[in-house]
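> With the input below, show me the fold.
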Amino acid sequence: MSGIAFVSLVLWFGASLAAVLGVALYWIKRNMKSPFANIKRYEEEYFYRNPKTDKMEAFPSLMTDAASMDLTVIIPAYNEKDRLPKMLDECVEFLEARRRESEFSYEIIVVDDGSRDNTTEVYCTVALTFAHCKSITSLS
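Okay, here's the model as predicted:
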């Protein structure tokens, strides 16, 4: 293959690639109406169950409310009634030691996505002894 043929091939390939990318970008721009996904939110997603009062409370807004915690520990829990109390004891022991050393605030949120073993009830019972615990339970 001669040098001119090679240069022609490279130019042809580059032009083809640029055309394909241009068409792809045009299609993406034309079909993207919003920079954000259109996600349907259910009313219950804005609230959590406070284990101390057994009432639903609104989550703070990330956009408008000032930060109130240094650390939020989120614990996914599915059928964890046997392991959850021990894990929470160890977690709170560590976090309380840290809080005593310095000005440090924290909260623990347990997310139960439909456990069948009373994980939420066990958590709410254990959480009564801890001041910084919240619970989210899937309603589905």
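
> Contacts for the helix or strand harbouring Arg100, please.
Using DSSP states H and E, Arg100 falls within helix 84-101. Helix 84-101 has contacts (Cβ atoms under 8 Å, 6 or more residues apart in numbering) with 71, 73, 75, 77, 80, 104-106, 108, 110, 119, 122-123, 126-127, 130, 132-133. Backbone N, C-alpha and C define where each C-beta goes, glycine included.

> one more time with 6 Å, if that's ok
77, 104, 106, 122-123, 126, 130 (Cβ atoms under 6 Å, 6 or more residues apart in numbering).

> Quick one: name whatever helix or strand follows it.
By DSSP H and E, the next helix or strand past helix 84-101 is strand 106-112.

> What residues sit buried inside that following strand?
Neighbour-count burial for strand 106-112, with 16 or more other Cβ atoms under 10 Å as criterion, is recorded at 106-110, 112.

> so which two of the residues you listed are the farthest from each other?
Pairwise distances across the buried residues of strand 106-112 peak at 19.7 Å for Tyr106 and Asp112 (criterion: Cβ to Cβ).

> Ile4 versus the residue nearest to the spatial centre of the chain, what's the distance?
Central residue of the chain (Cα atoms, centre = their mean): Ile74, 8.5 Å from the mean position. The gap separating Ile74 from Ile4 is 63 Å, by Cβ to Cβ, to the nearest Å.

> now the longest helix along the chain: mean pLDDT?
In the chain, taking DSSP state H as the definition, the longest helix is helix 3-31. For helix 3-31, mean pLDDT is 86.

> Could I get the buried residue list for that helix?
Per 16+ other Cβ under 10 Å, helix 3-31 contains no buried residues.

> So what's the gap between stretch 100-120 and the chain middle?
The chain centre lies 14 Å from the centre of stretch 100-120; the measure is Cα atoms, centre = their mean, to the nearest Å.
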